[in-house]
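Undergrad: below is the structure, and that's it, no one-letter string:
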């Protein structure tokens, strides 16, 4: 399995152009996936951020975790809270990561075993929309 990432737009809106400038142009194959899957009914009419197409089996069409609780913190404070395992913020982040890892383990047939053996079977392959077609 190969991970390919593209950041299509910057986060700097240009009012005069009414757009976010293109950062990386998708390949023809990537554009085909985007025009097929990053549309209604799978996402909103204008697409989703983030959008991830996982191994032809799953779609990630929204953020896995609401980071508003840590959005105003400096990096070190946020990192301590996220890794504490004690707060609701930490537990929600760990659950979001667990769901995504469960999806990836479903795609890799539970490899690497050292990671996938720690994911509860109830999390495998359930966080994203099944890709049909």
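TA: Now that the structure is in, tell me what you want to look at. This is a predicted model, so every value here is computed, not measured.

Undergrad: flag the shaky bits of the chain, pLDDT-wise.
TA: When residues are selected by pLDDT under 70, those of the chain lie in 1, 120-133.

Undergrad: if you set the cut-off to 80 instead, what comes out?
TA: Low-confidence segments of the chain, defined by pLDDT under 80, are located at 1-3, 44-47, 49, 119-133.

Undergrad: mind listing the strands for it?
TA: 52-54, 58-60, 129-130 (DSSP state E).

Undergrad: where does the first one sit relative to the chain's centre, distance-wise?
TA: Distance, stretch centre to chain centre, for strand 52-54: 8 Å (C-alpha atoms, centre = their mean, to the nearest Å).

Undergrad: count of residues packed around residue 62?
TA: As a burial measure, residue 62 scores 13 neighbours (other C-beta atoms under 10 Å). C-beta coordinates here come from the backbone N, C-alpha and C atoms, glycine included.

Undergrad: verify the stated contact: it with residue 44.
TA: No - between residue 62 and residue 44 there is no contact under C-beta atoms under 8 Å: 9.3 Å.

Undergrad: related to what we said a few turns ago, and the strands of the chain: which comes nearest residue 104?
TA: Each of the strands of the chain was scored for nearness to residue 104 using C-beta to C-beta, and the closest is strand 52-54 (7.3 Å).

Undergrad: list the buried residues in the closest one.
TA: By neighbour count with 16 or more other C-beta atoms under 10 Å, strand 52-54 contains the buried residues 52-54.
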